[in-house]
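Student: let me see the structure of the following:
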Amino acid sequence: MEQEETYCHYCCAKKRAVALKRFYTHFLIYIIVIIMLFMIEAMISVWASQVSLDWQIQVIRRILQSSGSRLKPIANAALDLLEGGRVWFYWPLLGWGIGVVAHGFAVFGGGSLFGSEWEKKKIKEIVEKAST
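Tutor: Numbers count the residues shown, from 1 in each chain. Sure thing, here's the model as predicted:
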């Protein structure tokens with residue numbers, strides 16, 4: 001009986017360690033990608049400040065006319081950004097950031113709606129139903 005408890009504690013600890021590892025990996029990838037996107041936007045902003053807007057739009061339109069279908073979505077997005085002057089970096093930061101926060105709540109137990117107590121209660125309920 002004591003060995004079963006020890007094994008159960010080990011399994012729970014291992015499950016927790018794997019969940020923490022996945023969250024930290026997710027968070028690290030998020031930070032790296034967001035930094036890269038910020039750098040891309042900074043380079044685009046520097047390029048945009050050095051070259052006239054009309055010339056930039058002409059270059060992108062030429063890419064649209066001559067490129068295959070793979071570059072068209074990127075060129076269309078760049079054209080939209082240049083014509084509208086909008087900053088796009090914040091959208092992945094916000095959208096993916098919400099996902100990272102939700103993942104953090106799930107791992108660190110910020111939300112008790114479906115926390116470990118609920119899980120234990122459900123397991124007990126399912127075992128009782130299966131045994132009857």
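Student: walk me through the domains of the protein.
Tutor: Domain ranges of the chain: 1-50+89-132, 51-88, per automatic domain parsing.
Student: worst-scoring helix or strand of this protein, pLDDT-wise?
Tutor: Ranked by mean pLDDT, DSSP states H and E, the helix or strand of the chain with the weakest confidence is helix 72-84, at a mean of 66.
Student: so which bits of whichever helix or strand comes after that one are buried?
Tutor: The helix or strand immediately downstream of helix 72-84 is helix 90-108, counting by DSSP states H and E. By 16 or more other Cβ atoms under 10 Å, the buried positions in helix 90-108 come out as 96, 100, 103, 107. Quick note: C-beta positions are derived from backbone N, CA and C, even for glycine.
Student: got a list of what the second one touches?
Tutor: If I follow you right, that is Val100. 26-27, 30 (Cβ atoms under 8 Å, 6 or more residues apart in numbering).
Student: make JSON lines out of the residues you listed and add pLDDT and neighbour count.
Tutor: Shown next, in JSON lines, are those (pLDDT from 0 to 100; neighbours: other Cβ atoms under 10 Å):
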{"residue": "His26", "pLDDT": "96", "neighbour count": "16"}
{"residue": "Phe27", "pLDDT": "95", "neighbour count": "14"}
{"residue": "Tyr30", "pLDDT": "95", "neighbour count": "17"}
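Student: I'm done for today, thanks for sticking with me.
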